[in-house]
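[1] From the sequence below, what's the structure:
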Amino acid sequence: MTHRNAPLTPEGRRRACLEVDRGRPICHVASEFQIARQTLGKWHARWAAEGESGLEDRSSRPCSSPRQTPVEVEDLIEKLRREHKVGPVQLAGKLREHGHEVPISTIHRVLVRRGINRLRDIAPDGEDLREPVRRYEWARPGDMVHVDVKKVGRIPDGGGWRVHGRGSAQDLAARRQRVGYVYLHSATDDHSRLTYTEELADERGATAAGFWQRAVKWFRRHGIRRIRRVLTDNGSCYRSWAFAAALAGSKTRHKRTRPYRPQTNGKVERYHRTMAAEWLYARAWTSNEQRRQALHAWLEHYNYHRPHSSLGGRPPISRATRPAVTNLAA
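    As a prediction, this is how the structure comes out:
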């Protein structure tokens, strides 16, 4: 297949070179074949040195690219991509933590060059991990807050199967102990993506109500004085009298998702996926207390420092109406 910008096929180049070999002036031949004299001179030199193989199409890619991203940085980008499964915006932030300032567009080109620019390229079974979404955003902080609960297993002291492996003595002992679960209650502001999360013992109505009251105070300290609406699923804790009373106390209107449609509450669902990848399962924890203590630091990173792709690479606090406070967990 001929190069798309080639003025002649290899056969046409051969004929032009033969005309030059017959003794005709090179400028006359070039004019006859409607090509530049310099181009024909280049072809004839290749013809004389290499024969017909010298007239084949060649890549226009330069032999060297002095300003190309160093290989070690590309290797780091690929390592972080496979490890954290995040996009160019998040990778740019993680590269800064490693002392490399790389533009987002450059990171994307590296991912394309290495064939890992799509999530299915790094998924174990090639499955496309993305979900079709319909994007929307409320105009002001507090117009809508998404609330949900994520149930996760407790970690036995000494670590579970992620540390010792499935079927190990520690794994079997933990199963016999029935260490139970913890419940991560989260509230995400639709406009700013500021998120408040607590690890609690259950998901009863009174527990959800207490969480909401503390979340309202937390959002107020971040400049969101009034929460007008809250969106939850149809779980029993959100249908309780205690939760309804807590909403009445904050003068918040309760909206519910469509049954069996978790994507309706997509922002907090997506937050939980991020939390799982970057905190819950980011490392092998040796105890539930160790993991719980790391939650505060990760929340501070998420709200104050982590670039958010839907916010133009800025952290959620950038959309708050008041300056940042120092104690996120207070």
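
[2] tell me, how many neighbours does Glu101 end up with?
    7 (other C-beta atoms under 10 Å). Where you see a C-beta, it was placed from the backbone N, CA and C, and this is true even at glycine.

[3] Skip the chain neighbours and tell me the closest residue to it.
    Nearest residue to Glu101, sequence neighbours excluded (C-beta to C-beta, 6 or more residues apart in numbering): Leu95, at 7.4 Å.

[4] Is the one you found in contact with Thr106, as I believe?
    No: applying C-beta atoms under 8 Å as the test, Leu95 and Thr106 come out as separate, 10.0 Å apart.

[5] Am I right that the residue nearest to Glu101 sits in a helix?
    Yes: under DSSP: H, G, I helix; E, B strand; the rest coil, Leu95 sits within a helix.

[6] Wait, Leu200 touches Tyr183, no?
    Yes: the pair Leu200 / Tyr183 is scored as a contact, 5.1 Å apart, by C-beta under 8 Å.

[7] More neighbours: the two, which one.
    Tyr183 (19 against 16).

[8] What residues does that one make contact with?
    Applying C-beta atoms under 8 Å, 6 or more residues apart in numbering, we find Tyr183 in contact with 149-152, 199-203, 207.

[9] Spatially central residue (nearest the centroid) of this protein, please.
    Central residue of the chain (C-alpha atoms, centre = their mean): Val86, 2.9 Å from the mean position.

[10] picking up where we left off before, against Asp121, how distant is the residue nearest to Glu101?
    Look at Leu95 and Asp121: by C-beta to C-beta, to the nearest Å, they are 19 Å apart.

[11] out of those two, which sits in the busier spot?
    Using other C-beta under 10 Å, the more surrounded residue of Leu95 and Asp121 is Leu95, with 19 against 14.

[12] got the domain boundaries for the protein?
    10-55, 71-122, 145-319 (automatic domain parsing).

[13] Reduced to three states, what does Thr188 come out as?
    Secondary structure of Thr188, per three-state DSSP, is strand.

[14] likewise Glu101?
    Classified using three-state DSSP, Glu101 is coil.

[15] ditto for the one 5 residues further on
    At Thr106 the chain is in helix, as set by three-state DSSP.

[16] returning to what we had before: which residues are in contact with both of Leu200 and Tyr183?
    Shared contacts of Leu200 and Tyr183, defined by C-beta under 8 Å, 6+ apart, comprise Thr207.

[17] what helix or strand does Val147 sit in?
    strand 145-153 (DSSP states H and E).

[18] Which other helices and strands does that strand contact?
    The helices and strands touching strand 145-153, judged by 3 or more C-beta pairs under 8 Å, 6 or more residues apart in numbering; DSSP states H and E, are strand 181-189, helix 205-221, strand 229-232, helix 266-275.

[19] check contacts around the residue nearest to Glu101.
    Contacts of Leu95 by C-beta under 8 Å, 6+ apart are 73, 76-77, 80, 101-102, 107.

[20] Repeat that for Val86.
    Contacts of Val86 by C-beta under 8 Å, 6+ apart are 80, 94, 277.

[21] again, 7 Å this time
    Contacts for Val86 (C-beta atoms under 7 Å, 6 or more residues apart in numbering) come out as none.

[22] Then His98?
    If you count contacts by C-beta under 7 Å, 6+ apart, then His98 has Leu76 around it.

[23] Next one, pLDDT for it please.
    Listed pLDDT for His98 reads 91.

[24] do the same with the one 4 residues further on
    In this prediction, Val102 carries a pLDDT score of 93.

[25] What are the phi and psi values at it?
    Backbone geometry at Val102, expressed as degrees, to the nearest 10, gives phi -120, psi 130.

[26] quick one: the residue nearest to it when sequence neighbours are not counted from Pro66, how far?
    Nearest residue to Val102, sequence neighbours excluded (C-beta to C-beta, 6+ apart): Leu95, at 5.1 Å. From Leu95 over to Pro66 the distance is 21 Å, taken as C-beta to C-beta.

[27] can you check Arg15 too?
    Distance from Arg15 to Pro66, by C-beta to C-beta: 38 Å.

[28] Looking at those two, which one has more neighbours?
    Neighbour count, other C-beta under 10 Å: between Arg15 and Pro66, Arg15 has more, with 13 against 5.
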